[in-house]
Each structure stands twice: as C-alpha cells, then as structure tokens.
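Asker: Coordinates for the following, if possible.
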Amino acid sequence: MALHWARLRDAIALFQRVATRQPSTVWAAEAIYWWGVAVYLATRSREQLDGVWEHLRVRFPESIWTARTRRA
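Answerer: Okay, the predicted model is just below:
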C-alpha cells in the first residue's frame, strides 16, 4: 500500500491522479480524502491538509468522506 511511511509521495500522487483523472466517479471523493491524509502524514501541515479537504468539501458537499473531514 502506498500509504506506507516510505511511500507517502507515491500515495499523494496516486490519490491526486484518481481525483483529477476520474473526477465524476464514486472513487473521487474518497481519493481526495486520502490525498489529504497522505499530505498531512508527509508534511505534518494542518494547513495543507485543510487545503486538500476544502477541495473535497466544495466538490462533494454531501459525501460521507466530506463528513469525515468535519470531525478531524
């Protein structure tokens, strides 16, 4: 799995690719969620995490993945 510590950059690229190349699939919202998690794990930056998750909130306001960002 790409979210392994040594492969966080790979995970970021993978989730970003899914979210941008398949924007209207059921996988896009989940990909954006995990993209944010991977960014946070790589950078420890809450600001960067929130930036990715804001993209999720705007594109998929009713998604279960968006609801998960409100608890974090």
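Asker: OK, contacts around residue 12?
Answerer: By Cβ atoms under 8 Å, 6 or more residues apart in numbering, the contact list for residue 12 reads 35, 38-39, 42. From N, CA and C alone the C-beta is placed, and that goes for glycine too.
Asker: List only buried entries from the residues you listed.
Answerer: Buried subset of the contacts of residue 12 (neighbour count, 16 or more other Cβ atoms under 10 Å): 35, 38-39.
Asker: List just the nearest of those residues to residue 51.
Answerer: Closest approach to residue 51 among those (Cβ to Cβ): residue 39, at 8.1 Å.
Asker: That closest one and residue 50 touch, don't they?
Answerer: No: taking contacts as Cβ atoms under 8 Å, residue 39 lies outside contact range of residue 50: 9.9 Å.
Asker: Among the buried ones among the contacts of residue 12, which lie within helices?
Answerer: 35, 38-39 (DSSP state H).
Asker: Which one of those residues is nearest to residue 63?
Answerer: For these, the nearest to residue 63 is residue 35 (13.7 Å; Cβ to Cβ).
Asker: What sits closest to the closest one if chain neighbours are left out?
Answerer: Using Cβ to Cβ, 6 or more residues apart in numbering and skipping the chain neighbours, the partner closest in space to residue 35 is residue 15 (3.6 Å).
Asker: you'd agree the one you found is up against residue 32?
Answerer: Yes: with contact defined as Cβ under 8 Å, residue 15 counts as touching residue 32 (7.2 Å).
Asker: Neighbour count for the two, which is higher?
Answerer: residue 32 (28 against 25; other Cβ atoms under 10 Å).
Asker: for the more buried one, what are its contacts?
Answerer: By Cβ under 8 Å, 6+ apart, the neighbours of residue 32 are 15, 19, 52-53, 55-56, 59-60, 65.
Asker: By neighbours, which of the residues you listed wins?
Answerer: Of the contacts of residue 32, with other Cβ under 10 Å as the count, residue 15 tops at 25 neighbours.
Asker: quick one, strands of this structure?
Answerer: When assigned using DSSP state E, the chain turns out to have no strands.
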